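Asks: Quick one, structure for this:
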Amino acid sequence: MGHITRRQVLILGGLGTASVVAGGAGLFWSANAEFVPARAEDLIEPKALRSVNGTLHVKLTAAEGRTRIAGRSATALTYNGGLPGPTLILRPGDRVNVSLENQLLDPTNLHVHGLHVSPRGNSDNIFVSIDPGSSFDYEYVLPNDHPPGVYWYHPHHHGMVATQVFGGLYGAIIVEDSIPIPVARERVLVISDITLDGSGAIPAASAMDRVIGREGSQMLVNGQASPQLKARPGERERWRVVNACASRYLKLRLDGQRLQLLGIDSGRFPQPQDVTEVTLAPGNRADLLVTAANGTATLRSLPVDRGTAIGMMSGAVASSTPENLATFTVVGVPATPLAAVPPQPSPRDLRTSPINGRRELIFAMGMGSGGMGMGSGGMGMGSGTNMMRFTIDGKEFDPARIDTAVHAGAVEEWTLTNTSPMDHPVHLHVWPMQIVEQNGAPVDRVLWQDVVNVPAHSSIRVRIPFEDFTGETVYHCHILDHEDGGMMGTITAN
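Replies: Okay, the predicted model is just below:
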């Protein structure tokens, strides 16, 4: 058997030869059953919740139920009944109180991805477990100098992250600029994918999905299929884009329009960078300026080959297909040009800073004994020695073990080495990373991210300032099935 495409995997691994059991419901549906999205609608923004006088109080209810997806009724996991959940709009120095109620059938919790906040207590503590029928009150305090940018929130209960995020639990967070950037309008675009059967239910993930990382057959922007966006010629818009996919990479293009990149994740460039395309690994975000030119353009995601799972079905290829995400129609009377984008602060550069420590983390996957036992929150892929293992430094995640200890205030240089045949996007909680070397070559600009893609059989070097906070948190692969399978480690800063 030759290479198997991602769509063939959905059929062979997810559907079987005739039918599959829909997740937990015990219902069978035909392999020919298909969810048909409604025709394109105007883009709908998630509800925005904005801090007032330095505080924001939010109640989030995580539940399974019927909601509107791609213009039709479907069963999914939602925050407050919507997909995505509400957008939280904050400013540096804000205090955010989130009461999370769990109406799911499984434990859950909350991670504020990318925010530079404490990992302790009831802040960004991913070791919290909220049982079904229970609630938990989180409190996050943003530093006064917190970087502006695009962030997001999602569950982080080990062993259930991929299922809960793929099922619909995610929402955007915006930290506003101290000096506003003049634009005609701002848009939040939360891009995700999902698989739904003909009744609008999410099928159970197959073993192959867990090895490769599940990618849905339906692409969504704010829970919609191919929504319509409209603007006038010359208008400058700001698009806050979140890749909320569990495993899918996005290579975004909007041909015929001017794209300028303000930054990726919490990183910000001194001036907007003209780009023709932007690639976002799962968990990455982009802050984009779009200057409208007359005509109709399609926001597309081009194919990304993220490797193969050697040893499973002769090596299934994890390569996405081209997708049309949205239509951008520009008509009408040309707009009056806006003022220039104000200069941005020069980002901190650690390339010449003293280094307090160096270490290497090795991300690996392969067949072997002892792989992904349920004790580590993983899912077994076979019996005996026929199991896929996802490891960092040869070990699967154990919440009782400290894998890395750093000194508070230290600046360390990490080499992230990927020995596997698949890409792994590496995410470190709390502290962002400056990329200083890629593919053996120094990076010639200041580049800060909190999700750093490490291609198959390669290494990336980053520098990390472990400042402002102490406590325990994690680093992991943001292919969420790989994280659940064990590719995660615990770090403590003291």
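
Asks: Could you list the domains of this protein?
Replies: 48-175, 185-330, 357-493 (automatic domain parsing).

Asks: Columns mean pLDDT, mean neighbour count and distance to residue 350 on top of those, output as a markdown table?
Replies: Heads up, the C-betas are built off the backbone N, CA and C, glycines and all. As requested, the domains of the chain are exported to a markdown table (pLDDT from 0 to 100; neighbours: other C-beta atoms under 10 Å; distance: least, C-beta to C-beta, whole Å):
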| stretch | mean pLDDT | mean neighbour count | distance to residue 350 |
| --- | --- | --- | --- |
| domain 48-175 | 97 | 20 | 15 |
| domain 185-330 | 93 | 20 | 12 |
| domain 357-493 | 88 | 19 | 4 |
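
Asks: how about the strands of the stretch 301-450 of the chain, start to end?
Replies: In the stretch 301-450 of the chain, the strands defined using DSSP state E, counting those that start in this stretch lie at 305-309, 316-319, 323-330, 357-367, 388-392, 404-406, 411-418, 424-428, 433-438, 441-442, 448-449.

Asks: List the neighbouring strands of the last one plus their orientation.
Replies: Based on DSSP bridges, the strands next to strand 448-449 in the sheet, each with its direction, are strand 433-438 (antiparallel).

Asks: re earlier: tell me which of the strands of the stretch 301-450 of the chain lies nearest to residue 282.
Replies: When those are compared by C-beta to C-beta, strand 424-428 sits nearest residue 282, at 5.7 Å.

Asks: just to revisit the earlier point, include distance to residue 343 when you put the domains of the chain into CSV, please.
Replies: Listed next are the domains of the chain as CSV, based on distance: least, C-beta to C-beta, whole Å:
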stretch, distance to residue 343
domain 48-175, 14
domain 185-330, 7
domain 357-493, 15
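
Asks: what about these, which gets the closest to residue 34?
Replies: domain 185-330 (5.7 Å).

Asks: Leaving out the residues flanking it, which one is nearest to the residue sitting furthest away from the middle of the chain?
Replies: Farthest-out residue of the chain from its mean C-alpha position, per C-alpha atoms, centre = their mean: residue 333, at 37.5 Å. Residue nearest to residue 333 in three dimensions, not counting chain neighbours: residue 232, with 6.3 Å by C-beta to C-beta, 6 or more residues apart in numbering.

Asks: dump the residue contacts of the one you found.
Replies: Applying C-beta atoms under 8 Å, 6 or more residues apart in numbering to residue 232 gives the contacts 184, 292, 330, 331, 332, 333, 334, 335.

Asks: Who is residue 68 paired with across the strands?
Replies: On the basis of DSSP bridges, residue 68 is bridged to residue 73.

Asks: quick one: residue 225 and residue 37 touch, right?
Replies: Yes - Residue 225 lies in contact with residue 37 (C-beta atoms under 8 Å); the separation is 3.7 Å.

Asks: shared neighbours of the two, anything?
Replies: 70, 71, 218.

Asks: so the closest residue to residue 436 other than its chain neighbours bridges to which residues?
Replies: Nearest residue to residue 436, sequence neighbours excluded (C-beta to C-beta, 6+ apart): residue 461, at 5.2 Å. Beta-bridge pairing for residue 461 (DSSP bridges): residue 415, residue 437.

Asks: Residue 393 against residue 414, yeah?
Replies: No - using C-beta under 8 Å as the test, residue 393 is too far from residue 414 to be in contact (11.9 Å).

Asks: which neighbours do these two share?
Replies: Counting by C-beta under 8 Å, 6+ apart, the residues touching both residue 393 and residue 414 are residue 361.

Asks: Next, format the strands of the stretch 301-450 of the chain as CSV and append distance to residue 194.
Replies: Below are the strands of the stretch 301-450 of the chain laid out as CSV (distance: least, C-beta to C-beta, whole Å):
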stretch, distance to residue 194
strand 305-309, 19
strand 316-319, 17
strand 323-330, 13
strand 357-367, 25
strand 388-392, 23
strand 404-406, 34
strand 411-418, 28
strand 424-428, 20
strand 433-438, 30
strand 441-442, 38
strand 448-449, 26
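
Asks: Relative to residue 52, which of these is closest?
Replies: Among the strands of the stretch 301-450 of the chain, strand 448-449 sits nearest to residue 52 (C-beta to C-beta), with 29.4 Å.

Asks: if we can go back for a sec, go through the strands of the stretch 301-450 of the chain and name the closest to residue 237.
Replies: Using C-beta to C-beta, these put strand 323-330 closest to residue 237, at 9.2 Å.

Asks: how far does stretch 468-479 stretch from start to finish?
Replies: 28 Å (C-alpha to C-alpha, to the nearest Å).

Asks: Distance from that stretch to the middle of the chain?
Replies: In terms of C-alpha atoms, centre = their mean, to the nearest Å, the gap separating the centre of stretch 468-479 from the centre of its chain is 15 Å.

Asks: do stretch 118-131 as well
Replies: 19 Å.

Asks: Stretch 116-132 now?
Replies: For stretch 116-132, the distance to the chain centre is 18 Å (C-alpha atoms, centre = their mean).

Asks: Helices of the stretch 201-350 of the chain, residue ranges please.
Replies: Taking DSSP state H, counting those that start in this stretch as the test, the helices found in the stretch 201-350 of the chain are 207-212.

Asks: okay, which residue is most central for this protein?
Replies: Taking C-alpha atoms, centre = their mean, the chain has its central residue at residue 283, 2.1 Å away.

Asks: bridging residues for residue 295?
Replies: Assigned bridge partners for residue 295, using DSSP bridges, are residue 330.

Asks: show me what contacts the closest residue in space to residue 433 that isn't next to it in sequence?
Replies: With C-beta to C-beta, 6+ apart as the criterion, residue 433 has its nearest non-adjacent residue at 4.0 Å, and that residue is residue 462. Applying C-beta under 8 Å, 6+ apart to residue 462 gives the contacts 413, 414, 416, 433, 434, 435, 436, 452.

Asks: again, only using 10 Å
Replies: 350, 412-416, 426, 428, 432-438, 443, 447-449, 452, 454 (C-beta atoms under 10 Å, 6 or more residues apart in numbering).

Asks: How about residue 57?
Replies: Going by C-beta under 10 Å, 6+ apart, the list of residues near residue 57 reads 49, 51, 95, 96, 97, 98, 99.

Asks: want to try TSV for those, with secondary structure and distance to residue 148 as columns?
Replies: Formatted as TSV, the contacts of residue 57 follow (DSSP: H, G, I helix; E, B strand; the rest coil; distance: C-beta to C-beta, whole Å):
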residue	secondary structure	distance to residue 148
49	strand	18
51	coil	14
95	strand	17
96	strand	15
97	strand	21
98	strand	20
99	strand	26
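
Asks: Max pairwise distance over those: which two?
Replies: 51 and 99 (15.6 Å).

Asks: before we move on, back to that, what two of the contacts of residue 232 have the greatest distance between them?
Replies: Among these, 184 and 331 lie farthest apart (C-beta to C-beta), at 14.3 Å.

Asks: you'd agree residue 72 is up against residue 225?
Replies: Yes - taking C-beta atoms under 10 Å as the definition, residue 72 is a contact partner of residue 225 at 9.0 Å.
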